[in-house]
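Participant: Pasted the sequence and its predicted model underneath.
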Amino acid sequence: MQTILINKKTQDIYSPEISLNTLALMVTPIGLGQSALLVCLPLLVEHSPLGYGQWAQLFALGMVFYFVGSILWPLRLPRAGYGAVIGKGLLGYSASMLMLATCLWGWQQGWLNDNLCIAGLAASRVVYGLFSSALVPAGQSGCAQLSSTQQRLKSFSTISLNLALARSGGPLLALLLSPLHWLAPIWVLMAWPLVLVGMFLGKRMPTSPPLSSSKKKLDWLAQLKAPMGFTLIAMASTAFASSLQFYAAPILETLLQTQAQQVSHWLGALMLGAAVVSAIAHFLQSKNPAGNHQTRVLLIAILLISCAFGWYMALSLWHFLLLTLVASMGLAWLTPLYSTLLSLQNANHHHVAAQLSLTHLLGHCVGLMVSAQLLAGTLQHFFIWLMILGFLIMVAIVSWVVPTQRR
């Protein structure tokens, strides 16, 4: 037993420490899945017993359990460590995609009736929410742990850049593989986390965050509450992005009046363009950091309101595509800004990661649920909803009092 402990300790000393860029790769399954499934949404509707509104509710179900996981996994980080949390998150993500593909294939072949298929799809989203929710909190906390205060914006920009690149890969994945088989993108989404598990094996992870005593557990849970201004900004911006991503397919279907496969191709091209624009935006912001974070957030809020107003006033295909790319750039700038603001106020990186996950999740749930309800209305109702979110960001950043940042 003593020899085993010595060998394990020696192996830990000589194991290479994981780099910031490699650690940030763990969030790529989230980005790939979000964009690839949205591009495949017309095909999922065609090959399943669910319509657009039901798929929105199904995605919202996954977000509810993502909310649960976003609380539980940061609590597990001090005891389990980064390696175990990351491994379980990746394997759970892979299992959820396997369940999704199996249920769709079984229904298509007539092995499952409508009720069994819907139950299996719901179960796959539950597994997705519970396990994939480990990846972003662990990634954000680990990257913050590896970076100094001066490099914090670069750390969060690295996470956002990996998400943007993954989101650009998702449409390519769907566009290239769906003509071969409509389930092929989901098979790749199932395999990619397993590749990442192999990359992390043998790497030394950052030091686990300190374990709170039982007397401080209530204080720890209280710290999961982010400042109200931050919560509103994060919720509104995430709801804006989530609503726009989900509603893009019905809008394109209305504008193009063509078959599901062609709508999927246009949606893939749009999401690829938005992801490329987002990656460029992250690069530019890392090279030219904001002198005043709140002022830049205010300008981005005005930009988002202008885009929503532009969609409301006139709607054509190229008009919609252009404004969507502009809004994507603004949203890409926004996320690292308020993440950095929150991180500089709290030295406990796993607390910050939990706060970021919870507020993002709240925005996703609100965006998907409202979008599902608006499908019964007109496009103008949807664009009014986006304008309301933009005004909410503006009011929140103007009224949010930020404490003096630590140097």
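Facilitator: That came through, no problem. Numbers count the residues shown, from 1 in each chain.

Participant: separation between the nearest residue in space to W182 that is not next to it in sequence and A249?
Facilitator: Once flanking residues are discounted, W182 sits nearest to L43: 4.8 Å by CB to CB, 6 or more residues apart in numbering. In this view, the C-beta of every residue, glycine as well, is placed from N, C-alpha and C. From L43 across to A249, the span is 10 Å (CB to CB, to the nearest Å).

Participant: For those two, work out which one has more neighbours and name it.
Facilitator: A249 (23 against 20; other CB atoms under 10 Å).

Participant: so who does the more buried one touch?
Facilitator: Contacts were defined as CB atoms under 8 Å, 6 or more residues apart in numbering; by that measure A249 touches L38, L41, P42, Y52, V263, S264, L267.

Participant: Got the phi and psi for L50?
Facilitator: L50 adopts backbone torsions of phi -110, psi 150, taken as degrees, to the nearest 10.

Participant: hang on, the earlier thing: now the common contact residues for L43 and A249.
Facilitator: Taking CB under 8 Å, 6+ apart as the criterion, L43 and A249 both touch S264.

Participant: Show me what the lengthiest helix in the chain is packed against.
Facilitator: Assignment by DSSP state H gives helix 52-108 as the longest helix of the chain. Counting contacts by 3 or more CB pairs under 8 Å, 6 or more residues apart in numbering; DSSP states H and E, helix 52-108 packs against helix 28-39, helix 41-46, helix 114-132, helix 135-146, helix 184-200, helix 228-256, helix 349-374.

Participant: Just name the most buried of those.
Facilitator: helix 135-146 (a mean of 26; mean count of other CB atoms under 10 Å).

Participant: Report the inter-axis angle for that helix versus helix 349-374.
Facilitator: 150 degrees (axes from the mean of the first three to the mean of the last three CA atoms, to 10 degrees).

Participant: re earlier: dump the helices and strands packed on helix 52-108 to a markdown table, plus distance to L337 and mean pLDDT.
Facilitator: Output for the helices and strands packed on helix 52-108, formatted as a markdown table (distance: least, CB to CB, whole Å; pLDDT from 0 to 100):
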| stretch | distance to L337 | mean pLDDT |
| --- | --- | --- |
| helix 28-39 | 19 | 86 |
| helix 41-46 | 30 | 85 |
| helix 114-132 | 25 | 94 |
| helix 135-146 | 15 | 77 |
| helix 184-200 | 28 | 91 |
| helix 228-256 | 9 | 83 |
| helix 349-374 | 12 | 74 |
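
Participant: picking that back up, relative to helix 114-132, how tilted is the longest helix of the chain?
Facilitator: Going by the same axes, to 10 degrees, helix 52-108 makes 110 degrees with helix 114-132.

Participant: Can you tell me how far the residue nearest to W182 is from A122?
Facilitator: In terms of CB to CB, L43 sits 19 Å off from A122.

Participant: L32 now?
Facilitator: Distance from L32 to A122, by CB to CB: 22 Å.

Participant: out of the helices and strands packed on helix 52-108, nearest to I71?
Facilitator: Nearest to I71, of all these, is helix 349-374, at 6.8 Å by CB to CB.

Participant: Do a quick rundown of the helices in the stretch 301-407 of the chain.
Facilitator: 317-343, 349-374, 379-399 (DSSP state H, counting those that start in this stretch).

Participant: Rounded mean pLDDT for the first one, please.
Facilitator: This predicted structure assigns helix 317-343 an average pLDDT of 83.

Participant: That helix - contacts with which helices or strands?
Facilitator: Looks like helix 317-343 contacts helix 152-177, helix 228-256, helix 260-287, helix 293-313, helix 349-374 (3+ CB pairs under 8 Å, 6+ apart).

Participant: Next: the second one.
Facilitator: In terms of contact count using 3+ CB pairs under 8 Å, 6+ apart, helix 349-374 is assigned the packing partners helix 52-108, helix 135-146, helix 228-256, helix 317-343, helix 379-399.

Participant: give me that answer again for 6 Å
Facilitator: helix 52-108, helix 135-146, helix 228-256, helix 317-343 (3 or more CB pairs under 6 Å, 6 or more residues apart in numbering; DSSP states H and E).

Participant: Okay, buried residues for the last one please.
Facilitator: Neighbour-count burial for helix 317-343 flags 320-321, 323-343 (criterion: 16 or more other CB atoms under 10 Å).

Participant: now the angle between helix 260-287 and that helix, please.
Facilitator: Using the same axes, to 10 degrees: helix 317-343 against helix 260-287 is 40 degrees.

Participant: follow-up on the earlier one: of the helices of the stretch 301-407 of the chain, give the one that comes closest to I86.
Facilitator: Using CB to CB, the helices of the stretch 301-407 of the chain put helix 349-374 closest to I86, at 12.6 Å.
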